[in-house]
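Trainee: fold the following and give me the result.
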Amino acid sequence: MATFGTLSDRLTETFRNLRKKGQLTPADVDGTVREIRRALLDADVALPVVKEFTAAVRERALGDEVNRALNPAQQVVQIVNDELIGILGGQQRRLQFAKNPPTVILLAGLQGSGKTTFAGKLAKMLEKDGHTPLLVACDLQRPNAVNQLQVVAERAGAAIYAPEPGNGVGDPVKVARDGVAHATRQQHDIVIIDTAGRLGVDAELMKQASDIRKATHPDEVLFVIDAMIGQDAVNTAKAFQDGVDFTGVVLSKLDGDARGGAALSVASVTGRPIIFASTGEGLDDVEPFHPDRMASRILDLGDILTLIEQAQNAFDEAEAMKVAEKLATETFTLEDFLEQMQQMKKMGSMKKMLGMLPGMGSMKQQLEDFDEREIDRTEAIIRSMTLAERRNPKILNGSRRLRIARGSGMTVTDVNQLVQRFDQAAKMMKTVARGGVPNIPGMGPVGGKPGASSKRGKQQKAKGSRSGNPAKRAAENAGVAASAPTGSGFGLGGQAAPSEADLAELQKLLGRG
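Mentor: Predicted structure coming up:
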């Protein structure tokens, strides 16, 4: 994630230097802990959290678990990973639903933290799980806040209760109370209350949020905090904890370029778990917060589990079986390729997905240079083809390719490259579908060994004797050695060594006799 990019770079570089050492001395551990402390402080992590974190890492790194480890450097990385999971909250905490619906979720936070947008994201996420959420507009102070929530609700496909126009008009406590009653009558099982925020913490803000809580008795109070506000995040979190006593935290704007380390401090300072992380402006850009996965991302260890979950949500199992069958029967076409690309687009940003792979932190420039629009260009080219051309690219002659290029706004070269890449990919996928080893141009078979498939080499390999009599075994082995070909390393076996007369004749031919 962009917010923790600087911290991730610093920690990765520290561990890279550590891995060069075969055995760790106390001086090495102290130097590593010192670099970790600097990285955390530069990332705006709260000082008390940094002190506690580095003390725990140092104590464990000097203990027996590192001294007895086969790879001490990897053991230190594991210790840092464990402690990082600890300050992020330890284990994942899910939303707690009421035994008797509706479940009331109250959103609190400063103005501009992303409460209204998150309300729509949460509603859409809950709808996918079969719930029927109702958004209640209780931010009656900020100009056009009610209108903004109405737009967000429409985009999310969620119901909304907004009896007051806002802009300073209406009683937010009454609206919240009536909203819960309306949800009960209309059989909505979840109520999401969007409250007002301020540019800073003040008594009026806290009193209003506290009054709404007393009137609605929420099952969850989520504190939405901007991951980009720096050290003030800790003070703001403490103020809201004292005034409203929230039950969970939502980290917003994790896709920003700020240092964002203060957000890591919130769970440790308040003792409240981080439940959701918002990673973009889109209504799908939100995910449940997993401390272990976030720690892995920060340490550039990847987040394969989240990547798998996104793929499972985007790909249809029945369609995947159809594609596998087409690959096996060599009927995979550009039309199928287009459908697969469209399913990949449902997973979201390719940059984000690639960033979840282990070790991608060292390829940041390549990720930045990756053009997301390349998929759109490929899609435009395929859509400019007729159905017959998609199903049989072999009929694409020069005039057809020129027409496709003009129709898609691309060049003939782009069309040629797409067809060539498709042919290569289709061949590789067919090989894999049959259980074979794909042959990459310029590299040969993936995972194959030179000469591994040579029948001649297998036939020439002689077996030794397994006799229990040493004298008999030696005699039989001598016979095998005598009968085995004695060719050179270039595979020219089976020929007898040249005699002295042959060598003399060769010298004459070369003019050296």
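Trainee: which residues of the stretch 251-400 of the chain score low on pLDDT?
Mentor: For the stretch 251-400 of the chain, residues meeting the criterion pLDDT under 70 lie at 255-263, 300-330, 344-372.
Trainee: no, scratch that, I was asking about the chain
Mentor: Residue ranges of the chain with pLDDT under 70: 1-6, 22, 64-70, 230-231, 255-263, 300-330, 344-372, 429-513.
Trainee: just checking, what's the longest helix in it?
Mentor: Counting residues, the longest helix in the chain under DSSP state H turns out to be helix 412-433.
Trainee: pull the CA atoms of that helix into PDB?
Mentor: Taking Å, rounded to 0.1, in the frame of the first residue of the first chain, the C-alpha atoms of helix 412-433 are listed here in PDB:
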ATOM      1  CA  VAL A 412      -1.600  -2.700 -37.600                       C
ATOM      2  CA  THR A 413       1.600  -3.400 -35.600                       C
ATOM      3  CA  ASP A 414      -0.500  -3.500 -32.400                       C
ATOM      4  CA  VAL A 415      -2.900  -5.900 -34.000                       C
ATOM      5  CA  ASN A 416      -0.100  -8.200 -35.200                       C
ATOM      6  CA  GLN A 417       1.500  -8.200 -31.700                       C
ATOM      7  CA  LEU A 418      -1.800  -9.100 -30.100                       C
ATOM      8  CA  VAL A 419      -2.300 -12.000 -32.400                       C
ATOM      9  CA  GLN A 420       1.300 -13.200 -31.900                       C
ATOM     10  CA  ARG A 421       1.000 -13.000 -28.100                       C
ATOM     11  CA  PHE A 422      -2.300 -14.800 -28.200                       C
ATOM     12  CA  ASP A 423      -0.800 -17.600 -30.300                       C
ATOM     13  CA  GLN A 424       2.100 -18.000 -27.900                       C
ATOM     14  CA  ALA A 425      -0.100 -17.900 -24.800                       C
ATOM     15  CA  ALA A 426      -2.600 -20.300 -26.200                       C
ATOM     16  CA  LYS A 427       0.200 -22.800 -27.000                       C
ATOM     17  CA  MET A 428       1.600 -22.600 -23.500                       C
ATOM     18  CA  MET A 429      -1.900 -22.900 -21.900                       C
ATOM     19  CA  LYS A 430      -2.700 -25.900 -24.000                       C
ATOM     20  CA  THR A 431       0.500 -27.600 -23.000                       C
ATOM     21  CA  VAL A 432      -0.200 -26.900 -19.300                       C
ATOM     22  CA  ALA A 433      -3.800 -28.100 -19.700                       C
END
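Trainee: what helices or strands is it leaning on?
Mentor: Secondary-structure packing of helix 412-433 (3 or more C-beta pairs under 8 Å, 6 or more residues apart in numbering; DSSP states H and E): helix 317-328, helix 334-346, helix 373-383, helix 398-408, strand 439-440. C-beta here means a position set from N, CA and C on the backbone, and glycine is covered the same way.
Trainee: mind checking which helix or strand Ile275 is in?
Mentor: strand 274-278 (DSSP states H and E).
Trainee: that strand packs against which elements?
Mentor: Contacts defined by 3+ C-beta pairs under 8 Å, 6+ apart place strand 274-278 against helix 115-128, strand 248-252, strand 286-288.
Trainee: ok, it: who's next to it in the sheet?
Mentor: Sheet pairing of strand 274-278 (DSSP bridges) gives strand 248-252 (parallel), strand 286-288 (antiparallel).
Trainee: beyond the shortest one, next helix or strand please.
Mentor: Counting by DSSP H and E, the next helix or strand C-terminal to strand 286-288 is helix 291-298.
Trainee: that next one to strand 248-252, inter-axis angle?
Mentor: Angle of helix 291-298 versus strand 248-252, following axes from the mean of the first three to the mean of the last three C-alpha atoms, to 10 degrees, is 30 degrees.
Trainee: so what does helix 291-298 touch, helix or strand wise?
Mentor: Applying 3+ C-beta pairs under 8 Å, 6+ apart, one finds that helix 291-298 contacts helix 5-18, helix 72-87.
Trainee: quick one: buried residues of the shortest one?
Mentor: It stands for helix 5-18. 5-8, 10-12, 14-15, 18 (16 or more other C-beta atoms under 10 Å).
Trainee: need phi/psi at the closest residue in space to His188 that isn't next to it in sequence.
Mentor: The spatial neighbour of His188 that comes closest, neighbours along the chain excluded (C-beta to C-beta, 6 or more residues apart in numbering), is Leu134 at 4.0 Å. The phi and psi values for Leu134, taken as degrees, to the nearest 10, are phi -130, psi 120.
Trainee: roughly how far does Leu134 sit from Glu154?
Mentor: 14 Å (C-beta to C-beta, to the nearest Å).
Trainee: more neighbours, those two?
Mentor: Using other C-beta atoms under 10 Å, the more surrounded residue of Leu134 and Glu154 is Leu134, with 24 against 11.
Trainee: so Phe223 touches Ala239, yeah?
Mentor: No - in this structure Phe223 lies outside contact range of Ala239 using C-beta atoms under 8 Å: 10.2 Å.
Trainee: which of those two has more residues huddled nearby?
Mentor: For Phe223 versus Ala239, the count of surrounding residues by other C-beta under 10 Å is larger for Phe223: 28 against 16.
Trainee: give me the angle between the strand or helix carrying the more buried one and strand 248-252.
Mentor: According to DSSP H and E, Phe223 maps onto strand 220-226. Relative orientation of strand 220-226 and strand 248-252, computed by the same axes, to 10 degrees: 30 degrees.
Trainee: on contacts alone, who are the packing partners of strand 220-226?
Mentor: Using 3+ C-beta pairs under 8 Å, 6+ apart: strand 220-226 touches strand 103-108, helix 232-243, strand 248-252.
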